[in-house]
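> after the sequence you'll find the predicted model.
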Amino acid sequence: KAGVTQTPRYLIKTRGQQVTLSCSPISGHRSVSWYQQTPGQGLQFLFEYFSETQRNKGNFPGRFSGRQFSNSRSEMNVSTLELGDSALYLCASSWTGDEQYFGPGTRLTVT
Amino acid sequence: GDSVTQMEGPVTLSEEAFLTINCTYTATGYPSLFWYVQYPGEGLQLLLKATKADDKGSNKGFEATYRKETTSFHLEKGSVQVSDSAVYFCAPRAYLPPTLNYGGSQGNLIFGKGTKLSVKP
């Protein structure tokens, strides 16, 4: 069974731009969660989608948003990028939300 | 709020040494507990889990026991290998209160800062 895939793997953007990251969960998984990993703050939860609905949300500004499609694929969008948004963005999928399986991540660099 | 405390790294061991990485947590109720491992340049891999008190999770020679009385989930391995060099994360699940659409369930993972392990040959 194919694992969680994330695209693109690497991205370089300029301050003020916006970016969209994509995540394809393991086949049959309905829950997709997003996490941000930085050296300073570690791993922080952004949001979770389940059956196309946001079920849970972390403490991030409204510039961070997401959605989930009917095939469970999910996208995360960050608008008006700031230097501090440079991070590894990890997507995780699960059947109902228990064991989460992570993708390789998207490394975003904001200059 | 919910939180996790892991022993500070880096931890440097010789091959075949015994490993313990301490983890204690505060969380609502009795969450499932997980250990994840991150190899350089990669995402997180689920290493093991335990879902209730006194459960022992195990995988690839690693073990951890869910200790409700001490709210701990320490990771151990009897004989480490160079290939075990990685960053290890302890992570309980946050409690997600029931809503109109969903029953009460476990929410997001709460990660510790991670413990970097280096194993020398």
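Alright, I've got the coordinates.

> off-centre distance for the longest strand anywhere in chain B?
Scanning chain B for the strand with the most residues, using DSSP state E, yields strand B:86-96. Strand B:86-96 sits 6 Å away from the centroid of its parent chain (C-alpha atoms, centre = their mean, to the nearest Å).

> now swap in stretch A:82-102 and tell me
Here the centre of stretch A:82-102 is set off from its chain's centre by 5 Å, with C-alpha atoms, centre = their mean.

> buried sites along that stretch?
Across stretch A:82-102, burial judged by 16 or more other C-beta atoms under 10 Å in any protein chain shown covers A:85-94, A:97, A:100-102. In short, each C-beta sits where N, CA and C put it, glycine included.

> quick one: that stretch near chain B?
Yes. Stretch A:82-102 lies within reach of chain B by C-beta under 8 Å from any C-beta of the partner chain, at A:90, A:92, A:96, A:97, A:98, A:99, A:100, A:101, A:102.

> how many neighbouring residues does the nearest residue to residue A:11 once chain neighbours are set aside have?
Of all residues not flanking residue A:11 in the chain, residue A:108 sits nearest, at 5.0 Å (C-beta to C-beta, 6 or more residues apart in numbering or on different chains). Neighbours of residue A:108 under the rule other C-beta atoms under 10 Å in any protein chain shown: 20.

> who does residue A:108 form a beta bridge with?
Residue A:108 has the following beta-bridge partners by DSSP bridges: residue A:11, residue A:87.

> ok, it to residue A:16 distance?
Shown here: residue A:108 relative to residue A:16, a distance of 14 Å by C-beta to C-beta, to the nearest Å.

> go on, residue A:82?
Separation of residue A:82 from residue A:16 (C-beta to C-beta): 9 Å.

> and the helix or strand of chain A with the lowest mean pLDDT, how far from the chain's centre?
Using mean pLDDT, DSSP states H and E, the weakest-scoring helix or strand in chain A turns out to be strand A:53-57, at a mean of 90. Mean-position distance between strand A:53-57 and its chain equals 13 Å (C-alpha atoms, centre = their mean).

> a markdown table please, covering the buried residues of stretch A:82-102 and showing pLDDT and secondary structure.
Shown next, in a markdown table, are the buried residues of stretch A:82-102 (pLDDT from 0 to 100; DSSP: H, G, I helix; E, B strand; the rest coil):
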| residue | pLDDT | secondary structure |
| --- | --- | --- |
| A:85 | 98 | helix |
| A:86 | 98 | coil |
| A:87 | 98 | strand |
| A:88 | 97 | strand |
| A:89 | 98 | strand |
| A:90 | 97 | strand |
| A:91 | 97 | strand |
| A:92 | 96 | strand |
| A:93 | 95 | strand |
| A:94 | 91 | strand |
| A:97 | 62 | coil |
| A:100 | 93 | coil |
| A:101 | 95 | strand |
| A:102 | 96 | strand |
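
> let me know the closest of these to chain B.
residue A:102 (4.1 Å; C-beta to the nearest C-beta).

> so that closest one touches residue B:43, yeah?
Yes. Residue A:102 is within contact range of residue B:43, at 4.1 Å (criterion: C-beta atoms under 8 Å).

> list residues touching both of these two?
Common neighbours of residue A:102 and residue B:43, counting by C-beta atoms under 8 Å, 6 or more residues apart in numbering or on different chains, are A:4, A:90.

> if we can go back for a sec, now do the longest strand of chain B: which elements does it pack against?
Applying 3 or more C-beta pairs under 8 Å, 6 or more residues apart in numbering or on different chains; DSSP states H and E, one finds that strand B:86-96 contacts strand B:3-6, strand B:23-26, strand B:33-38, strand B:105-109, strand B:115-120.

> change it to 7 Å
Contacts defined by 3 or more C-beta pairs under 7 Å, 6 or more residues apart in numbering or on different chains; DSSP states H and E place strand B:86-96 against strand B:3-6, strand B:33-38, strand B:105-109, strand B:115-120.
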